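# any chance you could fold what I've pasted below:
(one chain, ligands or ions: 2)
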Amino acid sequence: MPLPKAELHLHIEGTLEPELAFELAARNGVTLPYGDTGELGKAYEFEDLQSFLNLYYELMAVLRTEQDFADLANAYLARAAAQGVRHAEIFFDPQAHTKRGVELGTVVEGLWRALGSSEANHGVSTRLIMCFLRDDSAESAMETLRAAEPYLARITGVGLDSAEVGHPPVKFREVYEAAAELGLRRVAHAGEEGPPAYIAEALDVLGVERVDHGLRCMEDPALVERLARERVPLTLCPLSNVRLRTVDTLADHPLPAMLDAGLMCTVNSDDPAYFGGYAGDNFDAVRETLALSEGRLRELARNSFLASFLEDDEELRARYLAEVEGYRFG
Ligand SMILES: Nc1ncnc2[nH]cnc12
Ligand SMILES: [Zn+2]
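Ligands and ions are numbered 1, 2, ... in the order given. Sure thing, here's the model as predicted:
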């Protein structure tokens, strides 16, 4: 039995496996510029974040109907459950769909077909987090937030993703203020490729409660000290960092040093169909390559539930935390 865990950094569009991409392309009459999964597979060599994003956005062309989004989410939830994920806070990128002519309602209601019955069907509780594309304008993000108002019963929070460098958090100050007024929780990608200053800015200007990645905090000792003191959760994605070359090899990943520094780290998969592994695969990889102790692995799992947005169901959180403490490593 795998270690019970929450996944807090997962882009649902990043769970689109090549086989499902071709299945949906055929279903929707979309022609992909790849002949088959073998040819597509050769496109998964990434230089950096942008080279990945190019493929990530290209393949989204196959996602058109509510059923497509439901199938995508159900496939993820089944894989995640098999790897010990008990709770998933799932990102989606509304602008990447609305700019292709797919309505926000199609995306949200489609995802909800899977998420609304996920506890019953997969044994995984879920939350939905709507991300703004930081390389699009703040006006577009604000329009997206307003368009999402009819769906807020289904949306727990907002996030910020896509190409980071040159798009500092401050660009989205007003959008995050408006999100807070709507009662939405706030997270943002910061310090993946962008500088440590973006991490502090996400906290101070956007009021985020978790930092997605936050890896580059390690370049600023004062920031590390602050993040540790304030117990700011960081949603790390080790296999993603290797594939996007933010670390040279997994053996060079700073996760052990981050834990030693007292940072509240969690381990997540980011875009598992693109980076070679789901949440459990990320745990297995750091366990083996970074020689993490059972105590450290339990700490990562405990952190994932403590950092989750389960305030509206503390009973469920307590049940998950008890599962973590009672877990026996094989
Ligand atoms: N790792 C990542 N960083 C930024 N934006 C993303 N969108 C999907 N995955 C992402
Ligand atoms: Zn991400």
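
# could you check the pLDDT of the residue of the chain found nearest ligand 1?
Using C-beta to the nearest ligand atom, residue 161 is the residue of the chain that sits closest to ligand 1, at 3.5 Å. Backbone N, C-alpha and C define where each C-beta goes, glycine included. Residue 161 carries a pLDDT value of 98.

# which residues sit against the helix or strand hosting residue 323?
Per DSSP states H and E: residue 323 is located in helix 314-326. With C-beta atoms under 8 Å, 6 or more residues apart in numbering as the test, helix 314-326 has contacts from 3-6, 86-87, 125, 298, 301-302, 305-306, 308, 310.

# could you list which of the residues you listed belong to strands?
Within the contacts of helix 314-326, residues falling in strands by DSSP state E are 5-6, 86-87, 125.

# any idea which of those residues is the one closest to residue 74?
Nearest to residue 74 out of the ones in strands among the contacts of helix 314-326 is residue 125 (C-beta to C-beta; 15.1 Å).

# so what pairs up with that closest one in the strands?
Per DSSP bridges, the residues bridged to residue 125 are residue 87.

# before we move on, the earlier item: contacts only, for the residue of the chain closest to ligand 1.
11, 91, 93, 131-134, 189, 212.

# got the residues of the chain near ligand 1?
Within the chain, the positions near ligand 1 by C-beta under 6 Å from any ligand atom are 11, 14, 49, 56, 161-162, 189, 192, 240, 270-271.

# just the buried ones from those residues?
11, 14, 49, 56, 161-162, 189, 192, 240, 270-271 (16 or more other C-beta atoms under 10 Å).

# can you redo these as CSV with secondary structure?
Converted to CSV, those look like this (DSSP: H, G, I helix; E, B strand; the rest coil):
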residue, secondary structure
11, strand
14, helix
49, helix
56, helix
161, strand
162, coil
189, strand
192, coil
240, helix
270, strand
271, coil
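
# the stretch 51-200 of the chain: helices as residue ranges?
For the stretch 51-200 of the chain, the helices defined by DSSP state H, counting those that start in this stretch occupy 66-82, 94-98, 104-115, 118-122, 138-147, 173-181, 196-204.

# low-confidence stretches in the stretch 51-200 of the chain?
Per-residue confidence for the stretch 51-200 of the chain (pLDDT under 70) gives no ranges below the cut-off.

# contact partners for residue 270?
9-11, 14, 237, 239-240.

# how much space is there between it and residue 84?
Going from residue 270 to residue 84 by C-beta to C-beta, to the nearest Å gives 17 Å.

# likewise residue 203?
For residue 203 relative to residue 84 (C-beta to C-beta), the value is 30 Å.

# quick one: residues in contact with stretch 108-122.
The contact list for stretch 108-122, computed with C-beta under 8 Å, 6+ apart, reads 12, 65-74, 77-78, 80-81, 88, 90, 92, 94, 124-126, 128, 148, 151, 154-155.

# hmm, I was thinking of stretch 55-75
11-17, 20-21, 24-25, 27-28, 30, 32-33, 43-44, 46, 90, 96-97, 100, 102, 106-107, 109-111, 113-115, 118, 121-122, 271, 274.

# swap the cut-off to 7 Å and go again
Contact with stretch 55-75 is made by 12-16, 20-21, 24-25, 28, 30, 43, 96-97, 100, 102, 106-107, 109-111, 113-115, 271, 274, as judged by C-beta atoms under 7 Å, 6 or more residues apart in numbering.

# for PyMOL, what selects the buried ones among the residues you listed?
To isolate the buried members of those in PyMOL, using 16+ other C-beta under 10 Å:
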select buried, resi 12+13+14+15+16+20+21+24+25+43+96+97+102+106+107+109+110+111+113+114+115+271+274
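
# count the neighbours of residue 147 for me.
Applying other C-beta atoms under 10 Å, we find 15 other residues in the vicinity of residue 147.

# contact partners for the nearest residue to it once chain neighbours are set aside?
Nearest residue to residue 147 in three dimensions, chain neighbours excluded: residue 104, at 5.2 Å (C-beta to C-beta, 6 or more residues apart in numbering). The contact partners of residue 104, by C-beta under 7 Å, 6+ apart, come to 94, 98, 147-148.

# let's see that with 10 Å instead.
Neighbouring residues of residue 104 by C-beta atoms under 10 Å, 6 or more residues apart in numbering: 92, 94-95, 97-98, 130, 144, 147-148, 150-151.

# would you mind measuring from it to residue 97?
In terms of C-beta to C-beta, residue 104 sits 7 Å off from residue 97.

# same question, residue 196
Distance from residue 196 to residue 97, by C-beta to C-beta: 32 Å.

# would you mind measuring from the residue nearest to residue 173 when sequence neighbours are not counted to residue 186?
Sequence neighbours aside, residue 205 is the residue nearest to residue 173 in space, at 5.4 Å (criterion: C-beta to C-beta, 6+ apart). Residue 205 sits 11 Å away from residue 186, going by C-beta to C-beta.

# quick one, which of those two is more surrounded?
The neighbour comparison of residue 205 against residue 186 (other C-beta under 10 Å) goes to residue 186, with 22 against 18.

# ok, now which ones touch that one?
129, 157-160, 172, 175-177, 179-180, 202-203, 206-210.

# OK, contacts around the residue nearest to residue 173?
Contacts of residue 205 (C-beta under 10 Å, 6+ apart): 168-173, 176-177, 188, 198.
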